[in-house]
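>>> For reference, the sequence and a predicted model appear below.
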Amino acid sequence: MTGNLSHDSQPNDHNEQGSSSQRMFGSQASFYATSQVHISDSRLTTLQRLVAEQPNPGWAIDLGTGAGFTAFAASEYCQRVVASDITLEMLKETRRIGNERQLENVLLCQNQAEQLPFRDESLDLITCRAAGHHFTDLGKAFDEMRRVLKTGGSLIMADSVSPEDDGLAKWYNDMELRRDYSHVLNRKVSVLLEMLEGRGLRVLEKHDEKTHMMFNDWVERTATPEAEVATLRRDFLGSTAEARQVFLIEEKGDDIAFAWPSLVFRAVKE
């Protein structure tokens, strides 16, 4: 067997939708390929365990794959995994790293999550980590996920989520949007569960997680302009006592430690 990463079609960058994500992630793809938060974190550990518990999944797709780390983890348990992303440069990183790992059951596909190029009921498993908050229309993406999943198939997803408190949710999303113009929305857990259940995707298991990060790396990864970095730093350090407690904000020399709340869940198509 060769060590090349397979691909079902040559990716192209003519898709106009999701252009904000394509611009940001395209220019910063190499940073995400070396980001420890994306290479391995508690969310990936939990997600991989949930994938391992699935009975012989055949075909799977990893949506918003980025540099491919979730697809690679899923590939240990699936016959084939399609690493899907809207950004060409990210898929090039996926191919490069996949070649280095000599993976042969990972395919590449450039597409948006709201328009999946697969037949109805054709996939056993869908994974998605740290990407849902970038999707232009998460409801439509969930509709597509349900369409392509086989009855009884699983969606295993990990993403950052907002606190239920409106004020904290607003502060959190404001910080993310100012740092990253491709950010759309971190939703409350209650909202996510309602969206899923309303589409016949029944949540069977869910886990609360914390994604720990450092401020300097966080803004460097998205090439946030220096002026905005300064205002974000000011707002982190000047945040309310409640925000500091919920997001574990702590000054560390010339850096700031913090943690975003995340949810990992498995839902099944009924």
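Perfect, thanks for sending it. Numbers count the residues shown, from 1 in each chain.
>>> can you tell me how far His133 sits from Trp171?
15 Å (Cβ to Cβ, to the nearest Å). All C-beta atoms are positioned from the backbone trio N, CA, C, and that covers glycine.
>>> Thr211 belongs to a helix?
No. Under DSSP: H, G, I helix; E, B strand; the rest coil, Thr211 falls outside any helix and is assigned strand.
>>> Helices of the protein, start to end?
Here the chain has its helices, by DSSP state H, at 19-27, 29-33, 36-39, 42-52, 69-75, 88-100, 138-148, 166-179, 189-197, 215-221, 226-237, 241-246.
>>> how about CSV for those helices, with distance to Ile256 and mean neighbour count added?
CSV is the format used below for those (distance: least, Cβ to Cβ, whole Å; neighbours: other Cβ atoms under 10 Å):
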stretch, distance to Ile256, mean neighbour count
helix 19-27, 22, 18
helix 29-33, 19, 19
helix 36-39, 15, 15
helix 42-52, 20, 19
helix 69-75, 25, 25
helix 88-100, 27, 20
helix 138-148, 29, 19
helix 166-179, 11, 17
helix 189-197, 25, 16
helix 215-221, 4, 18
helix 226-237, 5, 14
helix 241-246, 10, 15
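>>> need these in JSON lines with mean pLDDT, can you?
Shown next, in JSON lines, are the helices of the chain (pLDDT from 0 to 100):
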{"stretch": "helix 19-27", "mean pLDDT": "49"}
{"stretch": "helix 29-33", "mean pLDDT": "50"}
{"stretch": "helix 36-39", "mean pLDDT": "59"}
{"stretch": "helix 42-52", "mean pLDDT": "96"}
{"stretch": "helix 69-75", "mean pLDDT": "97"}
{"stretch": "helix 88-100", "mean pLDDT": "93"}
{"stretch": "helix 138-148", "mean pLDDT": "99"}
{"stretch": "helix 166-179", "mean pLDDT": "98"}
{"stretch": "helix 189-197", "mean pLDDT": "98"}
{"stretch": "helix 215-221", "mean pLDDT": "94"}
{"stretch": "helix 226-237", "mean pLDDT": "98"}
{"stretch": "helix 241-246", "mean pLDDT": "98"}
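>>> mind putting those in CSV, distance to Phe258 included?
Shown next, in CSV, are the helices of the chain (distance: least, Cβ to Cβ, whole Å):
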stretch, distance to Phe258
helix 19-27, 21
helix 29-33, 19
helix 36-39, 12
helix 42-52, 15
helix 69-75, 22
helix 88-100, 25
helix 138-148, 24
helix 166-179, 9
helix 189-197, 19
helix 215-221, 7
helix 226-237, 7
helix 241-246, 9
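>>> Ends of stretch 108-122, what's the gap?
From its first residue to its last, stretch 108-122 covers 17 Å (Cα to Cα, to the nearest Å).
>>> Go through the helices of the chain and name the closest to Ile126.
Across the helices of the chain, Ile126 has its closest neighbour in helix 138-148 (5.3 Å, Cβ to Cβ).
>>> Can you spell out which helices and strands pack onto the closest one?
strand 59-63, strand 123-129, helix 189-197, strand 201-214 (3 or more Cβ pairs under 8 Å, 6 or more residues apart in numbering; DSSP states H and E).
>>> For the longest one, buried residues please.
When burial is assessed from 16 or more other Cβ atoms under 10 Å, strand 201-214 yields the following buried residues: 201, 203, 207, 209, 211, 213.
>>> just how off-centre is that strand within its chain?
On the basis of Cα atoms, centre = their mean, to the nearest Å, strand 201-214 sits 12 Å off its chain's mean C-alpha point.
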